[in-house]
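A predicted structure for the sequence below; I have some questions about it.
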Amino acid sequence: MATPAMLAKQGVLHRYEPALEPGHMPERMLYCTNGFLDWFSTVLPTLKKDKGSLTPEEQVDRVLWEFVTGKPLVYNQGAKNLDPMIDGVWELKTTDVRIFGWFAARNTFIATNGALRSALVPWAKYAPYIEEAKHVRNSLHLDEPKFLPGGALKDVL
């Protein structure tokens with residue numbers, strides 16, 4: 001069994017490290033799967049904005065930077081757990097984009113995939129993203145428990 005940091009050393013996960021000001025340390029850890037990195041580098045740059053003033057790529061850069069630097073997240077605006085809560089899948093949210101994954105430990109998010117918010121209406125279109133996050137999590141040799149349960153940000157941050 002392994003931790004996310006160990007899986008990153010093995011190349012199974014990749015630590016997201018945004019540019020920080022000199023002397024600043026990350027307050028939270030964000031790891032990405034190969035699938036997320038593929039979406040991030042090939043699909044995200046092609047997406048067009050819907051309601052946001054920034055492009056989807058700029059929105060995602062901002063939310064990931066804010067997450068890693070420890071900026072406050074507001075439940076149902078910046079992050080939300082997805083039903084059923086027992087599955088432990090969360091979304092990081094921007095105006096136009098949803099990033100799916102789970103919290104492997106306090107302040108440690110593993111991103112598995114992303115999509116435009118407009119492509120996820122109606123709610124039933126969330127199901128494949130939730131299932132993919134659960135499938136990826138189950139396939140990783142992470143220490144148990146593989147995710148933090150709970151439905152409030154205080155449970156995971």
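All right, it came through fine.

from memory Leu64 sits against Tyr16, does it?
Yes: proximity of Leu64 to Tyr16 meets the contact threshold set by C-beta atoms under 8 Å, at 5.9 Å. For every residue, glycine as well, the C-beta is placed using N, CA and C.

so the residue nearest the centre of the chain: helix, strand or coil?
The centroid of the chain falls nearest to Ala111 when counting by C-alpha atoms, centre = their mean (3.5 Å). Classification of Ala111 by DSSP: H, G, I helix; E, B strand; the rest coil places it in strand.

tell me if Tyr129 really is in a helix.
Yes: applying three-state DSSP, one finds Tyr129 inside a helix.

next up, the contacts around it.
Tyr129 sits next to Arg98, Phe100, Asn113, Ala115, Leu120 when contact means C-beta atoms under 8 Å, 6 or more residues apart in numbering.

what stretches of the chain score poorly on pLDDT?
Where the chain drops to pLDDT under 70, the residues are 75-86.

still on that earlier bit, give the bridge partners for the residue nearest to the centre of the chain, please.
Counting by DSSP bridges, Ala111 forms beta bridges with Cys32, Gly101.

does it touch Asn34 like I think?
No: counting by C-beta under 8 Å, Ala111 sits too far from Asn34 to count as a contact (11.1 Å).

residue ranges of the strands in the chain, please?
13-15, 29-33, 79-81, 90-93, 97-105, 108-116 (DSSP state E).

what residues does the second one touch?
Contacts made with strand 29-33 from outside it, assessed by C-beta under 8 Å, 6+ apart, are listed as 4-5, 7-8, 13-16, 40, 64, 67-68, 104, 107-113, 136.

in PyMOL, select just the buried ones from those.
Only the buried entries of the contacts of strand 29-33 go into this PyMOL selection, using 16 or more other C-beta atoms under 10 Å:
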select buried, resi 4+7+8+13+14+16+40+64+67+68+104+107+108+109+110+111+112+113+136
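
okay, buried residues for stretch 139-149 please.
Going by neighbour count (16+ other C-beta under 10 Å), the buried part of stretch 139-149 is Leu140, Leu142, Lys146, Phe147, Leu148.
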